[in-house]
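J.: Okay, here's the prediction I keep looking at, along with the sequence it came from:
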Amino acid sequence: MLKTQSRYAIDPATAKTLDTDQLRDHFHVGGLFADGEISLVYSHYDRLILGSAVPKGGALTLDKVAEAGTPSILDRREMGVLNIGDAGTVEVGGKKYQIDNGEVLYIGMGSGPVTFSGNGRYYILSAPAHQTYPTTLIKLADARRVEMGAPETANERVIIQLLHPDVHPSCQLVMGYTQFAQGSVWNTMPAHTHDRRMEAYLYFQLPEEQRVFHMMGEPTQTRHIIMANEEAVISPPWSIHAGAGTSSYTFCWAMAGDNVDFTDMDMIAIGDLR
């Protein structure tokens with residue numbers, strides 16, 4: 001079963017007038033990871049598609065998506081698939097890839113239908129592409145690991161870069177995830193923006209009764225959205241994207257836009273936030 005929806009881009013002046021429900025309607029993505037479903041959100045920020053597939057021991061095939069406007073979703077797109085569940089299999093172009101927890105499968109433009117099977121819980125990201133790069137399983141041993149933060153600032157963490165220029169080429173999709181040490185809860189602080197690229201976060205490995213307060217908005221007009229486990233949030237290019245949890249957690253970050261430079265950030269001093 002395939003479920004799709006669209007989210008339209010809005011400007012920062014409009015965003016600061018929104019109440020809680022309206023903010024969630026535009027930026028919060030819930031209802032992901034339903035058994036037996038592929039669920040996709042087509043964002044008009046850099047045309048990023050994000051979503052999930054949960055075959056629950058069966059098989060689900062992703063092919064035509066009306067919002068993409070092509071016979072098959074990958075005709076003019078690339079895709080990254082992160083498995084946050086048990087080991088599973090993704091079949092692309094007649095080849096099967098076993099994806100373990102925490103691994104990413106990069107799928108190049110023009111690869112045709114994608115079939116998800118097994119007990120994986122697959123997080124899907126797709127962006128427009130201009131050329132084909134090889135479909136590749138990126139294992140944890142291949143990832144670039146960057147350790148940052150400290151216990152005294154409650155942000156001790158490791159950034160695991162999987163779809164990144166130093167690991168595997170892509171047209172514009174960059175992705176990985178950040179894991180926090182026990183007792184650390186602050187992500188992406190000091191905050192930043194990058195007006196040349198949008199971003200999306202998936203929060204996971206968050207205990208069911210805990211929450212993350214996701215910070216967004218212009219630096220002088222911040223707002224928050226409360227996130228539960230396995231929920232995603234869309235971050236516009238003009239917005240900060242940071243957060244603090246009521247416990248430790250992991251989040252997958254993904255970017256699409258003008259470049260693939262992970263360090264292309266416009267930093268915001270903590271004292272300048274409002």
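T.: Arrived safely, thanks for sending. Numbering: from 1, shown residues only.

J.: from here on, contacts and neighbour counts on C-alpha atoms
T.: OK.

J.: Just the endpoints, please. Distance across stretch 21-39?
T.: Terminal residues of stretch 21-39 are spaced 21 Å apart (Cα to Cα, to the nearest Å).

J.: And stretch 177-189, by the same measure?
T.: Stretch 177-189 end-to-end distance (Cα to Cα) = 15 Å.

J.: Show the average pLDDT along it.
T.: What stretch 177-189 shows for mean pLDDT is 96.

J.: same question, stretch 140-159
T.: Per-residue pLDDT over stretch 140-159 has a mean of 96.

J.: Which of the residues in that stretch are classified as buried?
T.: Buried residues in stretch 140-159, counted by 16 or more other Cα atoms under 10 Å: 140, 143-145, 149, 154-159.

J.: With distance to residue 177 and secondary structure added, can I get the residues you listed in JSON lines?
T.: Shown next, in JSON lines, are those (distance: Cα to Cα, whole Å; DSSP: H, G, I helix; E, B strand; the rest coil):
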{"residue": "140", "distance to residue 177": "11", "secondary structure": "helix"}
{"residue": "143", "distance to residue 177": "10", "secondary structure": "coil"}
{"residue": "144", "distance to residue 177": "11", "secondary structure": "strand"}
{"residue": "145", "distance to residue 177": "10", "secondary structure": "strand"}
{"residue": "149", "distance to residue 177": "15", "secondary structure": "coil"}
{"residue": "154", "distance to residue 177": "18", "secondary structure": "coil"}
{"residue": "155", "distance to residue 177": "14", "secondary structure": "coil"}
{"residue": "156", "distance to residue 177": "14", "secondary structure": "coil"}
{"residue": "157", "distance to residue 177": "10", "secondary structure": "strand"}
{"residue": "158", "distance to residue 177": "9", "secondary structure": "strand"}
{"residue": "159", "distance to residue 177": "6", "secondary structure": "strand"}
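
J.: which one of these is nearest residue 255?
T.: Closest approach to residue 255 among those (Cα to Cα): residue 159, at 14.5 Å.

J.: just checking, the closest one touches residue 176?
T.: Yes - applying Cα atoms under 8 Å as the test, residue 159 and residue 176 come out as touching, 7.5 Å apart.

J.: so what secondary structure elements neighbour the helix ranked longest in the chain?
T.: Looking across the chain with DSSP state H, the single longest helix is helix 20-27. With contacts taken as 3 or more Cα pairs under 8 Å, 6 or more residues apart in numbering; DSSP states H and E, helix 20-27 sits against strand 221-227, strand 231-235.
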